[in-house]
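> My questions concern the predicted model and sequence given below.
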Amino acid sequence: MQLENYIRDIQGFPKEGILFKDITPLLIDPKARKECLEILVSSLKDKKIDKVIGVESRGFFFGMLIAQELNVGFVPVRKPNKLPYDTISASYELEYGSDTLEIHTDAIRKGDRVLIHDDVLATGGTAKAVCELVEQLGGEIVQFNFLMELSFLNGRDKIMGYDIFAAIKY
């Protein structure tokens with residue numbers, strides 16, 4: 001099964017000049033979704049993981065499924081003012097602006113081995129911000145795990161030195 005066949009290109013979203021990779025067709029198809037989960041989890045063989053982080057919002061879909069598959073905790077990382085408890089935050093640049101992410105202060109404990117999952121590795125700004133949050137709380141990043149990577153944006157450069165996996169590369 002070619003997962004790329006379940007990714008739809010949307011020109012000019014969220015603004016002109018951006019080619020958005022829509023994962024909705026992948027989420028709709030149970031067989032494609034299952035195959036994608038198997039590919040994402042296969043990259044984690046022999047890795048001890050305590051928590052899976054899912055990055056708002058498309059990182060929640062497979063992040064939660066991966067956590068369920070591994071029988072570990074799931075931690076949402078969200079945009080400002082979406083989490084109800086004490087948080088820390090990190091700001092970042094993305095290909096079409098800037099933003100901030102937050103995590104609960106008690107979500108990661110010192111020594112927790114963490115998988116960071118998001119839908120796409122683009123410029124690497126989001127991944128780097130999540131990395132800062134995890135490490136500030138004392139967590140150890142086991143792997144960055146992405147549904148897809150837009151290689152031409154060189155996002156890996158911002159998270160060099162970490163294990164990085166992407167199910168689909170463009």
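Done, it's in. Numbering: from 1, shown residues only.
> Now do the strands in the protein.
8-11, 19-22, 51-55, 73-77, 87-94, 97-104, 113-121, 140-149, 164-169 (DSSP state E).
> in the fifth one, what's buried?
Looking back up the chat, that one is strand 87-94. By neighbour count on 16 or more other C-beta atoms under 10 Å, the buried set for strand 87-94 is T87, S89, A90, Y92. Bear in mind the C-beta positions are built from the backbone N, C-alpha and C, glycine included.
> Dump these to a markdown table, plus distance to F165 and pLDDT.
Formatted as a markdown table, these follow (distance: C-beta to C-beta, whole Å; pLDDT from 0 to 100):
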| residue | distance to F165 | pLDDT |
| --- | --- | --- |
| T87 | 27 | 98 |
| S89 | 26 | 98 |
| A90 | 22 | 98 |
| Y92 | 21 | 89 |
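> May I see the residues you listed arranged in a markdown table, with distance to L3 as well?
Putting these into a markdown table (distance: C-beta to C-beta, whole Å) gives the following:
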| residue | distance to L3 |
| --- | --- |
| T87 | 33 |
| S89 | 33 |
| A90 | 30 |
| Y92 | 27 |
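> Give me the angle between the least confident helix or strand in the chain by mean pLDDT and strand 97-104.
Lowest on mean pLDDT, DSSP states H and E among the helices and strands of the chain sits strand 87-94, with a mean of 90. Inter-element angle recorded for strand 87-94 and strand 97-104: 160 degrees (by axes from the mean of the first three to the mean of the last three C-alpha atoms, to 10 degrees).
> which residues sit against strand 87-94?
80, 98-105, 122-123, 125-126, 128-130, 132-133, 136-137 (C-beta atoms under 8 Å, 6 or more residues apart in numbering).
> run the last query once more with 7 Å
80, 98-105, 122-123, 125-126, 128-129, 132-133, 136 (C-beta atoms under 7 Å, 6 or more residues apart in numbering).
> Tell me how far that strand lies from the chain's centre.
Offset of strand 87-94 from its chain centre (C-alpha atoms, centre = their mean, to the nearest Å): 14 Å.
> Now that strand - C-alpha only, PDB.
The C-alpha coordinates for strand 87-94 follow below in PDB (Å, rounded to 0.1, in the frame of the first residue of the first chain):
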ATOM      1  CA  THR A  87       2.200  24.900  31.800                       C
ATOM      2  CA  ILE A  88       5.500  25.900  30.300                       C
ATOM      3  CA  SER A  89       5.800  27.200  26.800                       C
ATOM      4  CA  ALA A  90       8.200  27.500  23.800                       C
ATOM      5  CA  SER A  91       7.800  29.700  20.800                       C
ATOM      6  CA  TYR A  92       8.900  28.800  17.200                       C
ATOM      7  CA  GLU A  93       8.900  29.900  13.600                       C
ATOM      8  CA  LEU A  94       7.100  27.900  10.900                       C
END
